[in-house]
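Novice: predicted model and sequence follow; I will ask about them next.
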Amino acid sequence: MRLYNTLSHAKEDFAPAGPSAVKMYVCGITAYDLCHIGHARSAVVFDVLVRYLRYLGMPVTFVRNFTDVDDKIINRANREGVAPEALSAKYIEAFYEDMDRLGVLRADFEPRATEYIGEMVRLAEHLIAKGHAYATPGGDVYFRVRSFAGYGKLSGRDVEDMRSGARVAPGEEKEDPLDFALWKAAKPGEPTWESPWGPGRPGWHLECSAMSEKLLGLPVDIHGGGQDLIFPHHENEIAQSEAAADKGFARFWVHNGFVRINAEKMSKSLGNFVTIRDIYACFLPETLRFFLLSSHYRSPLDYSADALAEAEKGLRRIYFALAQIEETLAATKWSPSPLPKALAEEFASLRQGWRDSLDDDLNTAGALGQIFGLARLAGRVMDDKGLRKSEGGRELLTGVREALRECGGVLGVPAGEPAQFLDALRECRLNRQGVDKAKMESLLAERAAARAAKDFALSDTLRGDLEALGVEVKDTPAGQTWDVVA
RNA sequence: GGCGGCAUAGCCAAGUGGUAAGGCAGAGGUCUGCAAAACCUCCAUCCUCCGGUUCAAAUCCGGAUGCCGCCUCCA
């Protein structure tokens, strides 16, 4: 497959460097609050990347870390009067709850920064020994940015241009404003670890360098994260790791775009974020997943409740098609007519299109387009009285069902059983629209009775009443069914 | 100020040189006691604007305008 590499600003053919599994490291969350949709996007994007690489037959060793020691965690813990470890543990737990429901698979390794303090200290020592870092009298350790010639290569910055932006906070003993902390001397009220420079704690960037090397070995094949990590986080990781190891840190840098709200980046600092749980209160997790995959991962994605409602409609349609396919396939008698060649070709082309889309820099939006095409193709076959019960029709419907399942395995959409999903969706919509369930039930019962008595006038009146309630009734040979007006 | 990204129908969104996928909404039709669903058909001669390269550009180059992001923590 081809993957866009931030380092080269171009799509490149991806293959692992070595004969072993693809080595993939993605920056996870700093555990100090609930995850928002932006975190969900990043998690889903890299989840799909891992799944797709495995689908292509490449084994993947996937590492996604948790930052569990950091200014934000300490500040919040102190504010709430709890231990930092307890705070981060709580939000790691929340992360799992949210992500499990989203269908994000667990990584092979999910290291926490505090479990690798020893590796970080050793890395810092090594950098000092090589002249790439220095300890200050106060017990801090800084990376000497100007000692690393490649600094700026990921983010496209020139060290000379950065001088104006860099600054030294009061009390810092940097040689150069550009230098960044590898180790921070202990301050009162902070968790600390022993080190050659006295008690302190690691700087943020160091953990990813230490854990990548320890768990995967350098260079890793793919290093990922949100676009906001490109600078300074990933730039600094490169500097640390490459200065220490004298070899490449990561071959492919993959960054997902932001989720926006009112055309602005959704972020903690702007305070304009919507948590994953906020969404779950109104929509099914799979709807969120579908929404996140409905545009290319590097493009900005505008969040709105309307956009989510539209995603819900699309997802429902796919599940509805799947439900109808299964119902049709439950038949036992099939006429011997074969599948018309044109339809067989259309099927093959859609299926190939799905694969081609994902092959091209993980174009999930394109892939979903092919999935809709498959659903429509199946619908056409089922609507054709001759084909519907023919061997050829069965062959096609079986193929579409298989393709949709395959999609579910890679994109995580559609992941469930249609009947179950449609029921869950109905329930979800009932709650969201605040439909009076008792009233609905009684109106439905009344209408069923009216229909049994062939009192169509009353039946239609009741349909109107139900519609006013937000419920749409459909009459089928098997009786009336209902759904919530979207 | 430095660096980068994006501009495709009413809305969302694919498409990086060969003549505009898909979804939502909308219109007509088949079906239906009436509806709904489903299916069929239609819905951008054109891709922000202006130049240029080419037999050929939404796709490449230059410029303009608008929006966004990074440069401080941030997925």
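Specialist: Arrived safely.
Novice: pretty sure A:L3 contacts A:A10?
Specialist: No: assessed by CB atoms under 8 Å, A:L3 is found out of contact with A:A10, at 10.0 Å. For glycine as for every other residue, the C-beta is placed from the backbone atoms N, C-alpha and C.
Novice: what about these two, which has more around it?
Specialist: Between A:L3 and A:A10, counting by other CB atoms under 10 Å, A:L3 is the more crowded of the two (20 against 10).
Novice: mind checking how far the residue lying closest to the more buried one once chain neighbours are set aside is from A:W253?
Specialist: Residue nearest to A:L3 in three dimensions, not counting chain neighbours: A:F14, with 4.4 Å by CB to CB, 6 or more residues apart in numbering. As judged by CB to CB, to the nearest Å, A:F14 and A:W253 stand 12 Å apart.
Novice: which stretch of helix or strand covers A:H255?
Specialist: strand A:250-256 (DSSP states H and E).
Novice: the helix or strand following that strand and RNA strand B in contact?
Specialist: The C-terminal neighbour of strand A:250-256 among helices and strands, as given by DSSP H and E, is strand A:259-261. Yes: for strand A:259-261 and RNA strand B, the contact criterion (CB under 7 Å from any atom of the strand) is met by A:259-260.
Novice: just checking, what packs against strand A:259-261?
Specialist: The elements that strand A:259-261 packs onto, with contact taken as 3 or more CB pairs under 8 Å, 6 or more residues apart in numbering; DSSP states H and E, are helix A:37-55, strand A:301-303.
Novice: just to be sure, A:V381 is in a helix?
Specialist: Yes: the assignment for A:V381 by DSSP: H, G, I helix; E, B strand; the rest coil puts it in a helix.
Novice: wait, doesn't it sit right on A:L343?
Specialist: Yes: here A:V381 lies in contact with A:L343, judged by CB under 8 Å, at a distance of 6.9 Å.
Novice: nearest to RNA strand B, of the helices and strands packed on strand A:259-261?
Specialist: Minimum separation from RNA strand B across the helices and strands packed on strand A:259-261 (CB to the nearest atom of the strand) falls at helix A:37-55, 2.4 Å.
Novice: give the buried residues for the closest one.
Specialist: Using 16 or more other CB atoms under 10 Å as the test for burial, helix A:37-55 gives A:37-54.
Novice: in terms of secondary structure, what does the helix or strand of chain A with the lowest mean pLDDT contact?
Specialist: The helix or strand of chain A with the lowest confidence, counting by mean pLDDT, DSSP states H and E, is helix A:385-388 at a mean of 87. Secondary structure elements in contact with helix A:385-388, counted by 3+ CB pairs under 8 Å, 6+ apart, are helix A:364-383.
Novice: at 6 Å what do you get?
Specialist: In terms of contact count using 3 or more CB pairs under 6 Å, 6 or more residues apart in numbering; DSSP states H and E, helix A:385-388 is assigned no packing partners among helices or strands.
Novice: how near is A:Q433 to A:E467?
Specialist: Taking CB to CB as the criterion, A:Q433 is separated from A:E467 by 12 Å.
Novice: over to A:A321?
Specialist: When CB to CB is the yardstick, A:A321 and A:E467 sit 25 Å from each other.
Novice: more neighbours: which of these two?
Specialist: For A:A321 versus A:E467, the count of surrounding residues by other CB under 10 Å is larger for A:A321: 25 against 12.
Novice: and that one, how far from A:G408?
Specialist: Taking CB to CB as the measure, A:A321 and A:G408 are separated by 13 Å.
Novice: can you count the residues close to A:G434?
Specialist: By other CB under 10 Å, the burial measure for A:G434, its neighbour count, is 8.
Novice: got a pLDDT number for A:D359?
Specialist: Residue-level confidence at A:D359 comes out at 96, pLDDT.
Novice: ok, it touching A:M1?
Specialist: Yes: A contact is recorded between A:D359 and A:M1 when judged using CB atoms under 6 Å, the distance being 4.4 Å.
Novice: start and end of stretch A:467-481, how far apart?
Specialist: End-to-end distance for stretch A:467-481, by CA to CA, to the nearest Å: 13 Å.
Novice: who's in contact with that stretch?
Specialist: A:433, A:435, A:440, A:463, A:466, A:482-483, A:485 (CB atoms under 6 Å, 6 or more residues apart in numbering).
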